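Novice: sequence plus the predicted model coming up.
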Amino acid sequence: MSHSHTFRTWPFSLPTNTAVFTTRQTMEGSEPVREVYHDRDGDWQLLCGNTLETTDMKLVCLGCMFEADPSIGELAEMPPGWCATRPAAGAEWIQQPFDPSDGD
């Protein structure tokens, strides 16, 4: 299955079909993206902030996430090792370094 996205401007330096982690709640539209992590290994996690259950984790394409919520494009330049949080959809992102010292 091929994805064809038509974006006004694609803000990320990654391809639109880059796989990112999100939650089932975000995919179903019941929760907005409230936490975004750009892991040191380059992975992106776009999470609702309400669940960390592995059964809720989904792998989706970045283009699909951007199409559903273009505000994540504001974080396209966020460096690895940083995260962004917001209290609700439409709120301003607060970006800061995070320390993944809790291990895997």
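Specialist: That came in fine, so what should we check first?
Novice: just give me the longest helix of this protein.
Specialist: Counting by DSSP state H, the longest helix found in the chain is helix 62-68.
Novice: which neighbouring elements make contact with it?
Specialist: Where contact means 3 or more CB pairs under 8 Å, 6 or more residues apart in numbering; DSSP states H and E, helix 62-68 is packed against strand 19-23. In short, each C-beta sits where N, CA and C put it, glycine included.
Novice: list the contacts of the strand it packs on.
Specialist: With contact meaning CB atoms under 8 Å, 6 or more residues apart in numbering, strand 19-23 is reached by 31, 33, 43-48, 50-51, 56-62, 65.
Novice: filter those residues to the buried ones?
Specialist: Neighbour counting by 16 or more other CB atoms under 10 Å classes Glu31, Val33, Trp44, Gln45, Leu46, Leu47, Cys48, Asp56, Val60, Cys61, Leu62, Met65 among those as buried.
Novice: would CSV of the residues you listed with distance to Pro15 be doable?
Specialist: Shown next, in CSV, are the buried ones among the contacts of strand 19-23 (distance: CB to CB, whole Å):
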residue, distance to Pro15
Glu31, 26
Val33, 20
Trp44, 12
Gln45, 18
Leu46, 16
Leu47, 21
Cys48, 24
Asp56, 25
Val60, 14
Cys61, 9
Leu62, 8
Met65, 13
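Novice: show only the entries of those found in helices.
Specialist: Leu62, Met65.
Novice: now, among the buried ones among the contacts of strand 19-23, which is nearest to Ile94?
Specialist: For the buried ones among the contacts of strand 19-23, the minimum distance to Ile94 (CB to CB) is 13.5 Å, reached by Val33.
Novice: doesn't Gln45 make contact with the closest one?
Specialist: No. At 9.7 Å, Val33 does not count as touching Gln45 under the criterion of CB atoms under 8 Å.
Novice: contacting residues for the closest residue to Thr26 other than its chain neighbours?
Specialist: Distance criterion CB to CB, 6 or more residues apart in numbering; nearest residue to Thr26, sequence neighbours excluded, is Cys48 at 4.8 Å. For Cys48, the contacting residues are Thr23, Gln25, Thr26, Glu31, Pro32, Val33, Arg34, Glu35, by CB under 8 Å, 6+ apart.
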